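Visitor: Everything below, folded, please.
(2 chains)
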Protein chains: 2
Amino acid sequence: MAVNLHIPKDDAVYPVPGVEIGVTEAGIRKADRRDLTVFKLSPGSTVAGVFTRNRFCAAPVLVCQEHLSAGAAIQALVINTGNANAGTGEPGLKAANETCEALAKLMALQSNQILPFSTGVILEPLPVDRIKAGLPAALKNLSANNWVSAAHGIMTTDTLPKIHSQRISMGGKTITLTGISKGAGMIRPNMATMLSYLATDAGIAQPLLNQLAREIADVSFNRITIDGDTSTNDSFIVIATGKSGLMVDSTAHPQYAELKAALAAAATDLAQKIVRDGEGATKFMTIRVEEAKSSAEALQVAYAVAHSPLVKTAFFASDPNLGRILAAIGYAGINDLDVGGVKLWLGDVLVATQGGRNPSYQETDGQRVMKEAEILVRIALGRGNTTETVYTCDFSHEYVSINADYRS
Amino acid sequence: MAVNLHIPKDDAVYPVPGVEIGVTEAGIRKADRRDLTVFKLSPGSTVAGVFTRNRFCAAPVLVCQEHLSAGAAIQALVINTGNANAGTGEPGLKAANETCEALAKLMALQSNQILPFSTGVILEPLPVDRIKAGLPAALKNLSANNWVSAAHGIMTTDTLPKIHSQRISMGGKTITLTGISKGAGMIRPNMATMLSYLATDAGIAQPLLNQLAREIADVSFNRITIDGDTSTNDSFIVIATGKSGLMVDSTAHPQYAELKAALAAAATDLAQKIVRDGEGATKFMTIRVEEAKSSAEALQVAYAVAHSPLVKTAFFASDPNLGRILAAIGYAGINDLDVGGVKLWLGDVLVATQGGRNPSYQETDGQRVMKEAEILVRIALGRGNTTETVYTCDFSHEYVSINADYRS
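Guide: Residues are numbered from 1 along each chain as shown, chains lettered A, B, ... in the order given. The predicted structure follows:
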């Protein structure tokens, strides 16, 4: 059911010099599926992460934050699906640390040079023994060409793998930029996303990478929502190996702006791919709120529209029942909103103006746009100059089926 | 699909002396359905209302607020279904006023002695001529015994009428208290509800009734949610005819507390009936948050859980996938929440404690509670002494069907 989610052909997925990936079947929850992935990074790589703000954040998220803030040189990532290791208390923390220790021993590293990640069901004990038993096979599988396999290996209810890959000339060097993400449900990232790993062979100095990771998350993963549920495990990781010979060490570097724009575009593509493959998605909607007084109020309105089950089911039905969008704008929480100044467009069709229906609006025009798979909802608030954009999908029978059956 | 929604037998629906009701078919949207209702109130009645805070509030809501604040003696209500008269701008206001003028002429009243109400589709012009044409038949139908008929006459996607009726001895008098409500979708009242009318033959002085209406709405209609969508048309009206001979004119009156408790219990029952008949509902859930620092943070957590599509679909499936509740607590927005102090019970089963799963929790115990039609979710935050309760329902295939098909 994914909406226009294109998977690049194998020969258009470029390996990132300095990154090797191994994937295996560890039988964590289900048999016959790739569920354990290890990234090996070359010495000298810098790594930064942005994580969920959910207070019930998963044990591996806490361990990642600890290892990153300790300042050790990160040399490996280990990712399991099938179990989120969230809502697991002290035993969960112990399991995440044990995973790192086991991998460190096999790779001759220190435990705090490893970042652990988990995704899957919450509130169930992590089967750490199965993970430890699977690690040797994952390491044996290490290859620079395993990005597609890793994109499969981190999936849960995703129907398709999500991959972004490109090569760019920059500062006289050829830079590679390849990343993967997974999403599907419990998607309304707060300062991060579900799981996404974006690597480049540009070099980026550590303090700059920390800042970049957050800025990029804010314009990509922090602008998508599927069901308004912020996960316990959201993690976005940026890796810079430096193997291309380009080293960006400050915002004054001549290639800084170009590199940042490329990373942000890659992250936005990976984030949009999560929405395109949202649980049960049949439509991809862009909610753009213009003429707001501030970014905060623009986002307030955009998320009210993007989270409304009534709006989302109307899009599923291709029914231009657009009063539901006005209702969502009205309850978004802007208490001094003058509805007389609000305009609503569906695609290029002006639907509402001056507090009511545009006199020349024809339902057939609305119907035409609603039938498309990609729809722009444009809302002008008439209050200021700020614009914000949020990406979301519709709400279908399939969403209910998937989430009523997820564990069975 | 309504959950334990009991309709009182006809002889247990007590007329309220001083209130007559007429219902007719005006063909507003669909043929062969009661869609126009008129209430006639005896002189000397007091009336108070609480309305939606949606900024795109409907034209009739604006007219009600104007008529109530003008201080004229309200003598009639007129309610149509099939069209919300919301998102209709100036023409919508004109239509609501025209409705009042037509009824005022037929009843020999002033236009501002009438309160108009509409419910149905947003953004479509009100067919005011059909309403005006239907008024004589509604007046001809006036009777004290038409409460059940009126409960039908205000329904939209409701599957069953919602009625509360009781007689109580109070201060040596017999007081009657009868009310109706409608809901089904776009239900997350903000300072009011969808449509509800509660009448008593106790007399209540106007300033006291204004205050009571708001206080009662806050503990009843403002504690329910179906889909998190706050409607454009929410209206809760309390009518006190005084015909019983009991007159309560201040909070110091000996029967004040008893009368307020009876009105609040009636309003809570009518509000819960809206949830029981929520669109597609198969479960009735009570979300009780205890040990909060404030009412605001208790409600923040309760609504995060009550609005989570993942929590709601798990309840639909009777699947104790209870990590989803922890995730919702975690993202509710309490940034200094110590998850180690949080406890979660499902019915009488302690599911989570000390940041993780209760070591003695058995999934079979969770399963047993999940299979029931009425479920208590109890969350103790371990931060203070405040408790708040919110009522909601699950999220089923039927919700999607209803809202993908509502206009067709």
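Visitor: quick one: low-confidence parts of the stretch 201-350 of chain A?
Guide: The model of the stretch 201-350 of chain A has no residue with pLDDT under 70.
Visitor: Would you mind naming what in it lies close to chain B?
Guide: A:227-232, A:307-310, A:313-314, A:316-317, A:319, A:321-324, A:326-331, A:334-335, A:337, A:339-340 (C-beta under 8 Å from any C-beta of the partner chain). Where you see a C-beta, it was placed from the backbone N, CA and C, and this is true even at glycine.
Visitor: could you redo the last one with a cut-off of 7 Å?
Guide: For the stretch 201-350 of chain A, the contact set with chain B under C-beta under 7 Å from any C-beta of the partner chain comprises A:227, A:229-232, A:308-310, A:313-314, A:316-317, A:319, A:321-324, A:326-331, A:334, A:337, A:339.
Visitor: Please enumerate the strands of the stretch 51-200 of chain A.
Guide: Per DSSP state E, counting those that start in this stretch, the stretch 51-200 of chain A carries strands over the ranges A:76-81, A:114-119, A:162-170, A:173-182, A:195-200.
Visitor: closest one to chain B among those strands?
Guide: Evaluated over the strands of the stretch 51-200 of chain A, closeness to chain B peaks at strand A:114-119, with 12.1 Å, by C-beta to the nearest C-beta.
Visitor: by contact count, what packs against the closest one?
Guide: Contact partners of strand A:114-119 among helices and strands, from 3 or more C-beta pairs under 7 Å, 6 or more residues apart in numbering or on different chains; DSSP states H and E: helix A:59-70, strand A:76-81, helix A:89-107.
Visitor: What lies in contact with that strand?
Guide: A:58, A:60, A:63-64, A:67, A:74, A:76-81, A:83-85, A:96, A:99-100, A:103-104, A:126, A:154, A:156, A:182, A:194-195, A:233, A:235 (C-beta atoms under 7 Å, 6 or more residues apart in numbering or on different chains).
Visitor: same thing but 6 Å
Guide: A:58, A:60, A:63-64, A:67, A:74, A:76-81, A:83-85, A:96, A:99-100, A:103-104, A:156, A:195, A:233, A:235 (C-beta atoms under 6 Å, 6 or more residues apart in numbering or on different chains).
Visitor: Stretch A:196-210 too?
Guide: For stretch A:196-210, the external contacting residues (C-beta under 6 Å, 6+ apart) are A:16-19, A:46, A:48, A:175-181, A:236-244, A:246-249, A:259, A:266, A:270.
Visitor: coming back round to it: now, of the contacts of strand A:114-119, which are buried?
Guide: Listed as buried from the contacts of strand A:114-119 are A:58, A:60, A:63-64, A:67, A:74, A:76-81, A:83-85, A:96, A:99-100, A:103-104, A:156, A:195, A:233, A:235; burial here means 16 or more other C-beta atoms under 10 Å in any protein chain shown.
Visitor: rewinding a little: restricted to buried residues, select the residues of the stretch 201-350 of chain A next to chain B in ChimeraX.
Guide: Only the buried entries of those go into this ChimeraX selection, using 16+ other C-beta under 10 Å:
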select /A:227,229,230,231,232,308,309,310,313,314,316,317,319,321,322,323,324,326,327,328,329,330,331,334,337,339
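Visitor: And the helices and strands packed on strand A:114-119: which comes nearest chain B?
Guide: With C-beta to the nearest C-beta as the criterion, chain B lies closest to helix A:89-107 of those, at 2.6 Å.
Visitor: Which of the strands of the stretch 51-200 of chain A has the lowest mean pLDDT?
Guide: Per-stretch mean pLDDT for the strands of the stretch 51-200 of chain A is lowest at strand A:195-200 (a mean of 86).
Visitor: partner strands of the helix or strand that that one is followed by, parallel or antiparallel?
Guide: Note on strand A:195-200: by DSSP states H and E, the next helix or strand toward the C-terminus is strand A:203-204. Counting by DSSP bridges, the strands paired with strand A:203-204 are strand A:247-248 (parallel).
Visitor: Not counting its own residues, what contacts the partner strand?
Guide: With contact meaning C-beta under 6 Å, 6+ apart, strand A:247-248 is reached by A:Gly203, A:Ile204, A:Gln255, A:Tyr256, A:Leu259.
Visitor: swap in stretch A:30-42?
Guide: When contacts are defined by C-beta under 6 Å, 6+ apart, stretch A:30-42 is touched by residues A:18, A:20-26, A:28, A:75-82, A:134, A:138, A:142, A:150, A:152-153, A:241.
Visitor: Quickly find the element holding the closest residue to A:Tyr361 other than its chain neighbours.
Guide: Distances taken as C-beta to C-beta, 6 or more residues apart in numbering or on different chains place A:Val351 nearest to A:Tyr361, at 5.4 Å, with adjacent residues excluded. Using DSSP H and E, A:Val351 sits in strand A:349-353.
Visitor: and A:Ile226, that one's in a helix?
Guide: No - using DSSP: H, G, I helix; E, B strand; the rest coil, the assignment for A:Ile226 is coil, not a helix.
Visitor: From the contacts of stretch A:30-42, list just the buried residues.
Guide: A:18, A:20-26, A:28, A:75-82, A:134, A:138, A:150, A:152-153, A:241.
Visitor: now A:Ile375: how far from A:Ala306?
Guide: Remark: distance between A:Ile375 and A:Ala306 (C-beta to C-beta, to the nearest Å) = 12 Å.
Visitor: Likewise for A:Gly153?
Guide: A:Gly153 is 30 Å from A:Ala306, by C-beta to C-beta.
Visitor: before we move on, what about A:Pro60?
Guide: Applying C-beta to C-beta to A:Pro60 and A:Ala306 gives a distance of 28 Å.
Visitor: How about A:Gln300?
Guide: From A:Gln300 over to A:Ala306 the distance is 11 Å, taken as C-beta to C-beta.
Visitor: Quote the end-to-end distance of stretch A:337-348.
Guide: End-to-end distance for stretch A:337-348: 24 Å, by C-alpha to C-alpha, to the nearest Å.
Visitor: Mind listing residues that contact it?
Guide: A:351-355, A:366, A:369, A:376, A:378-382, B:55-56.
Visitor: Among those, which one has the most neighbours?
Guide: The most crowded member of those, judged by other C-beta atoms under 10 Å in any protein chain shown, is B:Phe56 (28 neighbours).
Visitor: wouldn't it be in contact with B:Ser231 here?
Guide: No - counting by C-beta atoms under 6 Å, B:Phe56 does not reach B:Ser231; the two are 9.9 Å apart.
Visitor: about what we covered before: can you name the two of the contacts of stretch A:337-348 that are farthest apart?
Guide: Greatest spatial distance among these (C-beta to C-beta): A:Val369 and B:Arg55, at 24.8 Å.
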